[in-house]
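1. Provided below for reference: sequence and predicted model.
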Amino acid sequence: MESTRCKFLIVGSGPAGASAASWLSRLGAEDVVVLERLSSGQHRRYHSVCGEAVSDRMLRLAGIGTEHSVRAVDRISISVNGSSSTEIGVKGQVVDRNALIEDLLSSSSARRIRGRASSVSVLEDGFLVETTAGAFECECLIGADGAHSVVRRDVFGTRPEVMVKAVNTLVP
């Protein structure tokens, strides 16, 4: 079976994958492909669940402005199982995660391909990634495919040891 070749393949188009695509473009990298598992509608629903606050320091270090800020955050309140809460001072922004991701991807020169990675093989000169959109051979592979990463599983042989369920609620 014929495979598509590229220099860089980014598996995942969430914040990490979009940021990687953006930085590769800023650094002048060419022949970058981003593999997007979700359709645009699915992507919007999935990422609207967890936008939350991002520290001003992280935004500054990532070279991301505050144009996608929905609200500034100056403190957070933490409580466990209804116990009394503790407030902590912070400096951050609640961001429109979907807009941020789309802006990062749109500003990059990466080709966006819809498909889901199913396996990764290590080659002498790179990687072979089997996907629902076909096979891709790349020199450099960036795994940005989340907690149940196919890249981590197949390249490093590891899975998350523990998955913790958490509830995080933002109140305007």
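-> Great, that's in hand. Numbering: from 1, shown residues only.
2. Quick one: classify Asp103 as helix, strand or coil.
-> helix (DSSP: H, G, I helix; E, B strand; the rest coil).
3. Walking through the chain, point out its helices one by one.
-> Using DSSP state H, the helices of the chain run over 15-26, 40-48, 56-61, 97-106, 150-151.
4. how about low-confidence regions in this structure?
-> 1, 38-52, 163-172 (pLDDT under 70).
5. sorry, back to before: can I get the helices of the chain in TSV including mean neighbour count?
-> All C-beta spots, glycine's among them, are computed from the backbone N, C-alpha and C. Shown next, in TSV, are those (neighbours: other C-beta atoms under 10 Å):
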stretch	mean neighbour count
helix 15-26	20
helix 40-48	13
helix 56-61	13
helix 97-106	19
helix 150-151	22
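6. out of the ones you listed, nearest to Val90?
-> Between Val90 and the helices of the chain, the shortest gap by C-beta to C-beta is with helix 56-61, which sits at 8.7 Å.
7. Show me what the closest one is packed against.
-> Counting contacts by 3 or more C-beta pairs under 8 Å, 6 or more residues apart in numbering; DSSP states H and E, helix 56-61 packs against strand 86-95.
8. in the strand it packs on, what's buried?
-> Residues of strand 86-95 classed as buried: 92-95 (neighbour count, 16 or more other C-beta atoms under 10 Å).
9. mind checking how far it is from the chain centre?
-> A distance of 22 Å separates the centroid of the chain from that of strand 86-95, by C-alpha atoms, centre = their mean, to the nearest Å.
10. Let me see the ranges of the strands in the chain.
-> In the chain, strands defined by DSSP state E lie at 3-11, 32-36, 53-55, 69-78, 86-95, 111-114, 117-123, 126-131, 134-143, listed in chain order.
11. buried sites along the third one?
-> In this case it means strand 53-55. Buried residues in strand 53-55 (16+ other C-beta under 10 Å): 53-54.
12. who are the neighbours of that strand, in terms of helices and strands?
-> Contacts defined by 3+ C-beta pairs under 8 Å, 6+ apart place strand 53-55 against strand 86-95.
13. Quick check: Asp145 vs Ser55, distance?
-> Going from Asp145 to Ser55 by C-beta to C-beta, to the nearest Å gives 24 Å.
14. I'd like to know how many residues surround Val70.
-> Per other C-beta atoms under 10 Å, the neighbour tally for Val70 reads 15.
15. any idea what sits nearest it, other than its immediate chain neighbours?
-> The shortest distance from Val70 to any non-neighbouring residue, by C-beta to C-beta, 6 or more residues apart in numbering, is to Val94 (4.7 Å).
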